[in-house]
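Asker: return a 3D structure for these sequence lines:
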Amino acid sequence: LLWYDDIGTALAVARAARAPVFLFIHFGTCPWCEEFRDVHCRDEGVIRAADAYVLLALDWRKAPQALQEDPNLGWPIFDLLDADGKRIDGFKGMEPSEKVAAWLEKRAPAPRPDWEGLRGQARKLEEAEAAEDPAARLALYRQVAAADNVLGDAARARIKAMEKDAQDALFAARDDAGRL
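Answerer: Here you go, the predicted structure:
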């Protein structure tokens, strides 16, 4: 399982994937938190169910104030967040792997995120950023721009900037030609 440890990054990925965040708030010396990491995160049912979410693990002292719970109320703490970071649901305390998997499955978004598609879009966006030929860069941006997510939004913004730069260059060339 891929766990993020930064809430900003996890929420950005959640917006791109249109997926909720499964937040695991842990305490460093909590034996149940260690059991969740060492045992439950290796359970096939939990792995399969967790694939519908962006996974975020935070030490309780680094969790946003609104999500911090009284540490005496039970560990670990599990919350589902929307892509804006608002709490949707949650539970506290250790449960068997089957219960955790069932809880995640019951709340899983439909359809599930297309993780492979998002990785491909991110790779194309990186290729476009690295392309020296403006035509190749524009072609790659256009492929990503078709996506209805934040990666598509980023590509559309870059296309718009490239079009503006091209238009500015055209006007500058006309001005220069008019002065001759």
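Asker: so A157, which state does it fall into?
Answerer: Classification of A157 by DSSP: H, G, I helix; E, B strand; the rest coil places it in helix.
Asker: how many other residues sit next to it?
Answerer: By other CB atoms under 10 Å, 12 other residues sit near A157. Placement of C-beta: from N, CA and C, glycine included.
Asker: E95: neighbour count?
Answerer: Using other CB under 10 Å, E95 has 17 other residues around it.
Asker: so where's the chain shaky on pLDDT?
Answerer: Scanning the chain with the threshold set as pLDDT under 70 gives 65-74, 180.
Asker: now do the strands in it.
Answerer: Assigned by DSSP state E, the strands in the chain fall at 3-4, 21-26, 54-59, 77-81, 87-92.
Asker: can you list these in TSV and add distance to L118 and mean neighbour count?
Answerer: Listed next are those as TSV, based on distance: least, CB to CB, whole Å; neighbours: other CB atoms under 10 Å:
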stretch	distance to L118	mean neighbour count
strand 3-4	14	17
strand 21-26	15	23
strand 54-59	11	20
strand 77-81	18	22
strand 87-92	21	14
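Asker: out of those strands, which comes closest to Q167?
Answerer: strand 54-59 (38.1 Å; CB to CB).
Asker: can you list contacts of the closest one?
Answerer: Applying CB atoms under 8 Å, 6 or more residues apart in numbering, the contact partners of strand 54-59 are 1-5, 7, 10-11, 13-14, 17, 19-28, 37, 81.
Asker: helices of this protein, start to end?
Answerer: Along the chain, counting by DSSP state H, helices occupy 7-17, 31-38, 44-50, 97-107, 115-130, 134-145, 150-179.
Asker: could you look over those and pick the most buried one?
Answerer: Scoring the helices of the chain by mean neighbour count under mean count of other CB atoms under 10 Å gives helix 7-17 as the most buried, with a mean of 19.
Asker: can you tell me what sits against it?
Answerer: When contacts are defined by CB under 8 Å, 6+ apart, helix 7-17 is touched by residues 4, 19-21, 54-56, 58, 63-64, 81-85, 113-115, 118, 149-151.
Asker: centre of the chain to that helix, how far?
Answerer: Remark: helix 7-17 is offset 3 Å from the chain centroid, using CA atoms, centre = their mean, to the nearest Å.
Asker: okay, that helix in PDB with CA atoms only?
Answerer: Taking Å, rounded to 0.1, in the frame of the first residue of the first chain, the C-alpha atoms of helix 7-17 are listed here in PDB:
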ATOM      1  CA  ILE A   7      -2.100  16.000   3.800                       C
ATOM      2  CA  GLY A   8      -1.600  18.500   1.000                       C
ATOM      3  CA  THR A   9      -0.200  16.000  -1.400                       C
ATOM      4  CA  ALA A  10      -2.900  13.400  -0.500                       C
ATOM      5  CA  LEU A  11      -5.700  15.900  -1.000                       C
ATOM      6  CA  ALA A  12      -4.200  16.900  -4.400                       C
ATOM      7  CA  VAL A  13      -4.100  13.300  -5.500                       C
ATOM      8  CA  ALA A  14      -7.600  12.800  -4.200                       C
ATOM      9  CA  ARG A  15      -8.900  15.700  -6.300                       C
ATOM     10  CA  ALA A  16      -7.100  14.300  -9.400                       C
ATOM     11  CA  ALA A  17      -8.500  10.800  -8.800                       C
END
